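Chemist: below is the structure, and that's it, no one-letter string:
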């Protein structure tokens, strides 16, 4: 009995100590958090990292002290002078609790504003991130797309409702979403949150061309509105954004010498969902960064069967001269390719060596060609990028084929 009582006292004491430590940690976090008067939480499906950087750049352009943190392909902490460092993660695993340390470090700079990308996917964690960890004064819900359906779906309406849980209660939320705007307005009303819808066409083509990388009008319009809410003029905000560096995980377009021609290669893996993939390709085509003949490479993964099929179905919209399937199982993408393009499909699936993959891919390239890689980057997609990066750069190459007035040759970057 004495032993049991002793064990009980030890357990009770440990629980009490943990409770006290938790309360102290929460109070310390709130003290750091409230030392930052303005907090912007960026959420949505596509473009969060780019928007985080654009917002930070826009506010810096207005002379504000800003700390920002991205969570995308390469998580970064961005300091008030625009320099940055990678976010260290124990065992390489992302966890929403890391936001506590970010807030603590940010508060040491006494910033006017913290711009931070939402790193939660599960709806409950999105709400926890907002209500307990960040308590944003301005929210951003950039868009609603087909991704993370297992966690936030199964429908796009469900995804919209899940993302809405990061809206600041009694605050302001900025969005570029169009299709589900009525649903977002209803969710905002439930939270007494003012939802501000931006018009991408308010950003001119000339303003967009001033960027040193490809970006979307939606993203720029959101950052301009956030800057306006913080009292920064449009001219200052744009100047700050033009000077901001792109996200390291952003899509890139590079040109390589292949045989007697130039291969304009666009890495669109980061887009991931069908609509974002199509948007990226269309934008690059409009800006003359890629032309024709167009080759499309689809990387397949066994744990992304539905996504493989979606990318296969996208072939009809892209209308390429050649479709190359890599990874495994390629049949999941091939079965979704419309019959009119079936004879243009090259099956390079399975476990090919890096050298063999490169040789067979380039065997179908003749003259000046544009190539886009879509789907998921992991596996053979990573191998493909490494092999192409070893090719000789086409320094001083002219514009892509069938494009009379393309911008200067790249590397160029886009949406993160």
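Modeler: Now that the structure is in, tell me what you want to look at. No experiment lies behind these values; they were computed from the predicted model shown.
Chemist: how about the strands in the stretch 101-250 of the chain?
Modeler: Counting by DSSP state E, counting those that start in this stretch, one finds strands in the stretch 101-250 of the chain at the ranges 113-117, 138-141, 172-175, 194-197.
Chemist: TSV for these, including distance to residue 14?
Modeler: (C-beta placed from N, C-alpha, C; glycine too.) Formatted as TSV, the strands of the stretch 101-250 of the chain follow (distance: least, C-beta to C-beta, whole Å):
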stretch	distance to residue 14
strand 113-117	33
strand 138-141	38
strand 172-175	41
strand 194-197	46
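Chemist: save these as TSV, and put in mean pLDDT and mean neighbour count too.
Modeler: As requested, the strands of the stretch 101-250 of the chain are arranged in TSV below (pLDDT from 0 to 100; neighbours: other C-beta atoms under 10 Å):
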stretch	mean pLDDT	mean neighbour count
strand 113-117	98	27
strand 138-141	98	28
strand 172-175	98	25
strand 194-197	98	18
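Chemist: count of residues packed around residue 351?
Modeler: 10 (other C-beta atoms under 10 Å).
Chemist: list the contacts for it?
Modeler: Counting by C-beta atoms under 8 Å, 6 or more residues apart in numbering, residue 351 touches residue 328.
Chemist: and for residue 358?
Modeler: Residue 358 neighbours (C-beta under 8 Å, 6+ apart): 384, 387, 388.
Chemist: and for residue 64?
Modeler: 111, 112, 113, 230, 232.
Chemist: ok, and the most crowded of those residues?
Modeler: residue 113 (26 neighbours).
Chemist: now do it against residue 384, distance only.
Modeler: Going from residue 113 to residue 384 by C-beta to C-beta, to the nearest Å gives 39 Å.
Chemist: shaky segments in the chain?
Modeler: 1, 9, 13, 16-23, 72-73, 91-92, 249-250, 395-416 (pLDDT under 70).
Chemist: contacts for stretch 305-317?
Modeler: With C-beta under 8 Å, 6+ apart, stretch 305-317 has contacts from 146, 272-274, 277-278, 296, 298, 300-301, 323, 329-330, 332-338, 340-341, 374-376.
Chemist: show the buried residues in the residues you listed.
Modeler: The neighbour-count test (16 or more other C-beta atoms under 10 Å) marks 146, 272-274, 277-278, 296, 298, 300-301, 323, 329-330, 332-334, 336-337, 341, 374-376 as buried among the contacts of stretch 305-317.
Chemist: quick one: the helices in the stretch 51-200 of the chain?
Modeler: 98-107, 123-128, 149-152, 156-164, 181-190 (DSSP state H, counting those that start in this stretch).
Chemist: could you list which of the buried ones among the contacts of stretch 305-317 belong to strands?
Modeler: Members of the buried ones among the contacts of stretch 305-317 lying in strands (criterion: DSSP state E): 296, 298, 300, 323, 374, 375.
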